[in-house]
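[1] Quick one: sequence and predicted model below, then my questions.
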Amino acid sequence: SNSTKGEKNDYLRLKRENEQYMIEMQNLREANEDLAMREKQYRSELETLLDSHQQLKDHLEKVSSESRMKNEENKRLKTHYEDKMKDLTAANKKLSDAYQKGRDDMAKKDDEINILMDKIAQMNNEAAMSKRNSSETEVRVKVEWLTGENNKLKEDILKLQQLLESNQKEYANKLELAEKQKQDALAKVQSDDTE
């Protein structure tokens, strides 16, 4: 009958949409893996920055213990430190830019996830209506299976969102720590110069 044919068409359309959602979920997973790789790179850059910062701090402590050096030597060390601080500032800027790009990527991915969740909700509503109107057991069973698959997709999307938010907080904390260490080093140098 036409009613049965319409229900089968609904099922085929739902099946095609479900396959598209599976492709979109794979794209989301790949984007998250790419974000994880970038996080690893940012972490490596941050560790390099902190190592450089520690070397600078050790160097400044040594300078402080040799405070009786000639005035000309002290000027040279101060210039050397200022050059080091320029390098450190440039490294901080690079890390900050990379972090901002990661955050922008995550915001874009959040938008894509919200659109996908809206599509799944709409599809589930259509599946529920199809299920109520169905007079054929086979169609009803397949629609129920598709609904279950879509619920699993929703769970995967929620996990991805939580991972993205966790990464975002971790980046922010590490940048804040690096900035504090830079300010502490600056304060130390200004104190040495006063002496």
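    That came through, no problem.
[2] The lowest-mean-pLDDT helix or strand in the chain - contacts with which helices or strands?
    Of all helical and strand segments in the chain, the minimum by mean pLDDT, DSSP states H and E falls on helix 71-133, at a mean of 77. Under the contact criterion of 3 or more Cβ pairs under 8 Å, 6 or more residues apart in numbering; DSSP states H and E, helix 71-133 touches helix 2-65, helix 137-194. Yep, even glycine has a C-beta here, placed from its N, CA and C like the rest.
[3] Near residue 144, how many other residues are there?
    13 (other Cβ atoms under 10 Å).
[4] nope, residue 2 is what I meant
    Residues near residue 2, counting by other Cβ under 10 Å, number 6.
[5] cool, and the one 4 residues further on?
    Around residue 6 there are 12 other residues, counting by other Cβ under 10 Å.
[6] and the nearest residue to residue 156 once chain neighbours are set aside, how far is that from residue 128?
    Closest residue to residue 156 apart from its sequence neighbours, by Cβ to Cβ, 6 or more residues apart in numbering: residue 25 at 6.1 Å. Distance of residue 25 to residue 128, given as Cβ to Cβ, to the nearest Å: 22 Å.
[7] can you check residue 145 too?
    Applying Cβ to Cβ, the value for residue 145 to residue 128 is 14 Å.
[8] And for residue 102?
    Using Cβ to Cβ, we find residue 102 at a distance of 38 Å from residue 128.
[9] and what of residue 107?
    The spacing between residue 107 and residue 128, counted by Cβ to Cβ, is 32 Å.
[10] Check residue 171 too.
    41 Å.
[11] Between the two, tell me which one has more neighbours.
    Using other Cβ under 10 Å as the criterion, residue 171 and residue 128 rank with residue 171 on top: 23 against 13.
[12] Spit out the contact partners of that one.
    If you count contacts by Cβ atoms under 8 Å, 6 or more residues apart in numbering, residue 171 has them with 39, 42, 99, 102-103.
[13] Buried by neighbour count, from those residues: which ones?
    Among those, the ones that count as buried by 16 or more other Cβ atoms under 10 Å are 39, 42, 99, 102.
[14] Quick check: chain neighbours aside, which residue is closest to the third one?
    Yep, that's residue 99 we're talking about. Per Cβ to Cβ, 6+ apart, closest to residue 99 is residue 171, 4.9 Å.
[15] What of the second one?
    Sequence neighbours aside, residue 98 is the residue nearest to residue 42 in space, at 5.5 Å (criterion: Cβ to Cβ, 6+ apart).
[16] now swap in the last one and tell me
    Take residue 102 and drop its neighbours on the chain: the residue closest to it by Cβ to Cβ, 6+ apart is residue 38, 5.6 Å away.
[17] Can you get me a residue count around that neighbour?
    Burial of residue 38 is recorded as 17 neighbouring residues (other Cβ under 10 Å).
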